[in-house]
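Novice: Provide a 3D model corresponding to the input given below.
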Amino acid sequence: MNTNNQFKFSTGVIAYPLFLVLFIWLVFWFEVRFGYHFNKYGVYPKTIKGLRGIVLSPFIHGDIKHIYHNTIPLFVLTTALFYFYRPIAWKVLGYGILLSGLLTWCIGRPSYHIGASGLIYVLVSFTFFKGVFAKHYRLIALSLVVVFLYGSMIWHTLPIEEGISWEGHSAGLITGLLFAFIFRKRIAKPKKYVWEQDDFNEEDDPFLKHFDQDGNFIENLELEEEHKPISYNYIYKEEKDTD
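Specialist: Down below sits the predicted model:
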């Protein structure tokens, strides 16, 4: 994979996350404007009707505080996803919603689980572990930024506060880690210098040839090269008589 082509800004890097956030706010505005409550369309574990929430729940929020706290990290993380992991960004988003929602449906309490926080945990987990596995300085730096900004979110994967779906958060965390393993080959490889490549031959390097096998500098290398005998090879071709 070409690193230069992957780490390249495009309109979609900003446009796709922006449309996603605007759509979530549009759903919330529709609820407030027309007095609807879409909470019943969230994930309700271990029920057939609750399966619809696997797809719908990331776009449903309980109140203005809920949607506000999810908006900024969702926009930032999806923007980073489309910039650094463009070839697999849609797969991470789509499969992340489905798998984290399904896990929430399997392990959740008998209540409606709504909000984009499960997807946010998918992105946090994926971005962090992917950068660690990649061993690429840009991706590792991104992982450190994610830890600095959202490292405290790890506590919300535990049942320490009522009214918060720690099951959805845990499902997102597990899903992101799983994706980091599944897509571990679809990452930008760090640039290798000439001497790091497998087919590198030290004898062909104009710098290393000035040193012997023990690493000592060869002072008279240029003189030795100047006094090397020069040989010439001649090829004789006998001209045939055409008369």
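Novice: How is this protein divided into domains?
Specialist: 3-182, 194-226 (automatic domain parsing).
Novice: weakest of the ones you listed in terms of mean pLDDT?
Specialist: For these, the weakest mean pLDDT is recorded on domain 194-226, namely a mean of 55.
Novice: Now mean neighbour count too, for the domains of the chain, in CSV please.
Specialist: No exception for glycine: its C-beta is placed from N, CA and C like everyone else's. Shown next, in CSV, are those (neighbours: other C-beta atoms under 10 Å):
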stretch, mean neighbour count
domain 3-182, 18
domain 194-226, 9
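Novice: who does the host helix or strand of residue 101 touch, helix- and strand-wise?
Specialist: Assessed by DSSP states H and E, residue 101 sits inside helix 89-107. Here helix 89-107 is seen to pack against helix 53-56, helix 64-84, helix 117-134, helix 166-182 when contacts are counted using 3 or more C-beta pairs under 8 Å, 6 or more residues apart in numbering; DSSP states H and E.
Novice: Now distance to residue 96 too, for the ones you listed, in CSV please.
Specialist: Formatted as CSV, the helices and strands packed on helix 89-107 follow (distance: least, C-beta to C-beta, whole Å):
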stretch, distance to residue 96
helix 53-56, 11
helix 64-84, 10
helix 117-134, 4
helix 166-182, 6
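Novice: Nearest to residue 35, out of the ones you listed?
Specialist: helix 64-84 (15.4 Å; C-beta to C-beta).
Novice: Do I have it right that residue 118 meets residue 168?
Specialist: Yes. Counting by C-beta atoms under 8 Å, residue 118 touches residue 168, with 4.0 Å between them.
Novice: what is in contact with these two at once?
Specialist: Taking C-beta atoms under 8 Å, 6 or more residues apart in numbering as the contact rule, residue 118 and residue 168 both touch 100, 104.
Novice: How about residues contacting the longest helix anywhere in the chain?
Specialist: For the chain, the helix that runs over the most residues, judged by DSSP state H, is helix 11-34. Outside helix 11-34, the residues that touch it by C-beta under 8 Å, 6+ apart are 36-38, 58-61, 64, 67, 70-71, 74-75, 78-79, 82-83, 86, 89, 116.
Novice: Go again with 10 Å.
Specialist: Helix 11-34 has contacts (C-beta atoms under 10 Å, 6 or more residues apart in numbering) with 10, 36-39, 56, 58-64, 66-68, 70-72, 74-84, 86, 89-90, 93, 115-116, 119.
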